[in-house]
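Asks: The following comprises the amino acid sequence and a computationally predicted model.
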Amino acid sequence: MLTLNPNNLYMSFNSRGFTAILVILCCFTACQSQKKLAAPMEAYPAAPEEKRSLFHIPVQLNIADLENTLNQELQGVLFNDQSFEDGDNLKLQATKLDRILFKADNKSISYSLPLALKIQYNAGILGIMDAKGDIAVDLRSEYLIQPDWKVVTKTEIVSHRWLRKPVLQVGGINLPVGYLVDAVLKNTKKSLGREIDDILHDYLGLSRVVSDTWDVLFQPILVSPEYSAWMVFNPTSIGMTPVGVQNNTINTTIAIEAKPMVSVGPRPEVNESEKLPPLTLFGPLEPGIDLSINTTVAWEEAERIAKAQVVGETYSSGKRKVTVEDLKLFGQNGKVIVNTRLSGSYNGSIYLSGTPELDQNTNKIKVNNLDFTLETKSFLAKGGAWLLKSTIKNRIQDNMNFLLGYNLEEMKNMLQSELNNFKIGGGLKVDSKVNNLKIGQLQLTPGGFFIGLDINGNLKVTVDPKRK
């Protein structure tokens, strides 16, 4: 006879029941896990090559402007020796008589300084005698640019000639002309030589200008407020050609090598400027600029533009509907992945993929052939197939054509305007002409869309004679 033990029956039931519950929980958990679609992995190719860009900037210093500057600075009484006790028995006052005229070569500037002399001569027992005369003192200032970019000048007296010999007002007394010439030359060199060197150093000096320019080139420049576009030149080296004189101008060419970048989005962080490199002298260089500008459109900026039109929109099919809550972009092996987060009849993310291209006619980035990823299609086919047939994909596609909405002609004009208004200090004026601008390669990077812009044109720097 079969006897049932209630305790055994209880334990058997509990085991079978527990197993059943586990199976149900596992099925429930599996079903729940299926409702969450795994995100695609981000993947990017090797970083694009950063092309170096060259600026060959002619710098022209007009000798006529230098001549005018020196004539404006040296006016009236240039020196006034009012002592008989310095060994020459003379009191001597020299006044600028006429314009100072210049000649220049590749290493020096020569000029003639005309002076009107007012002389008092201590003739001992004969008393103090007055005389007047005019003399031209010929000077030469040599200049040299040192490795630290500082200009060293040295002014020497080359010769002199009398324009009007001095005559004492008391006849029969010979004025010691040798003493007089020595006194004139000594005072000219002592009082005027240093002043002339200072004027030439200020006019010819490139150290401060180059140093200020070098630092400025590391600062972000807002070149398009409308598109939040920032340019940083990122110089890597700087040098110049030997100084030459042609057509009444002192000429040289400054050569800058750089890795300029334009970023669209937030203002880039300011990189600490590197130390100004020592002067490097180059041979003759053709003037012009040949820029390959690396332009980065940040993912955040692209998302901002797309979100403005898509987030908050609702899509329905029958009784089912979803609302776009958020949108994120990233790259996967050359494709743009659009992570679209939905709420409503479907809660979670769906993923679309498209190919980014540059439209040269409209100057826009377009994401072509945008479609659900294979994983998204497979996932939605099991319960969200209505989403595959909705208009959400097309609506997002319409808003994936963004950025670079300005045409190239406008950008050329904008760059030329920015270059012309580029403040490099030291009273230097920049004149520029952007000849060609074209969009080059497009590549996806962890930071966003990388775009190459190729620009060529001309720059010229001249000295403003009214600079302070």
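Replies: Good, I have the coordinates.

Asks: Could I get the full set of strands for the stretch 301-450 of the chain?
Replies: Per DSSP state E, counting those that start in this stretch, the stretch 301-450 of the chain carries strands over the ranges 314-317, 320-332, 335-344, 348-359, 364-372, 428-445, 448-463.

Asks: Just the buried positions in the third one, please.
Replies: Read that as strand 335-344. For strand 335-344, the neighbour count (16 or more other C-beta atoms under 10 Å) marks 335-342 as buried. The C-beta positions use only the backbone N, C-alpha and C, and glycine is treated the same way.

Asks: ok, now the fifth one?
Replies: Taking 16+ other C-beta under 10 Å as the basis for neighbour counts, the residues of strand 364-372 that come out buried are 365-367, 370, 372.

Asks: could I get these as JSON lines with distance to residue 455 and pLDDT?
Replies: Formatted as JSON lines, these follow (distance: C-beta to C-beta, whole Å; pLDDT from 0 to 100):
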{"residue": "365", "distance to residue 455": "19", "pLDDT": "79"}
{"residue": "366", "distance to residue 455": "23", "pLDDT": "84"}
{"residue": "367", "distance to residue 455": "26", "pLDDT": "87"}
{"residue": "370", "distance to residue 455": "31", "pLDDT": "91"}
{"residue": "372", "distance to residue 455": "39", "pLDDT": "94"}
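
Asks: Each with direction, which strands does the helix or strand residue 110 falls within pair with?
Replies: Applying DSSP states H and E as the criterion places residue 110 in strand 108-122. According to DSSP bridges, strand 108-122 forms sheet pairs with strand 90-96 (antiparallel), strand 101-104 (antiparallel), strand 128-145 (antiparallel).

Asks: Report the mean per-residue pLDDT for stretch 289-304.
Replies: The predicted model gives stretch 289-304 an average pLDDT of 82.

Asks: Use 226 as the first number for this chain going forward.
Replies: Fine by me, first position is 226 from now on; the one you just mentioned is stretch 514-529.

Asks: list the buried ones in it?
Replies: Buried residues in stretch 514-529, counted by 16+ other C-beta under 10 Å: 514, 516-524, 526-528.

Asks: Closest one of the buried residues of strand 589-597 to residue 288?
Replies: Closest approach to residue 288 among those (C-beta to C-beta): residue 590, at 51.1 Å.

Asks: Can you give the distance from the helix or strand containing residue 378 to the centre of its chain?
Replies: Using DSSP H and E, residue 378 maps to strand 376-393. Centre-to-centre, strand 376-393 and its host chain are 46 Å apart (C-alpha atoms, centre = their mean, to the nearest Å).

Asks: buried stuff in it?
Replies: Here strand 376-393 shows 376, 378, 380, 382, 385, 391, 393 as buried, counting by 16+ other C-beta under 10 Å.

Asks: counting contacts, what elements does it pack onto?
Replies: Helices and strands touching strand 376-393, by 3 or more C-beta pairs under 8 Å, 6 or more residues apart in numbering; DSSP states H and E, are strand 333-347, strand 353-370, helix 402-412, helix 419-429.
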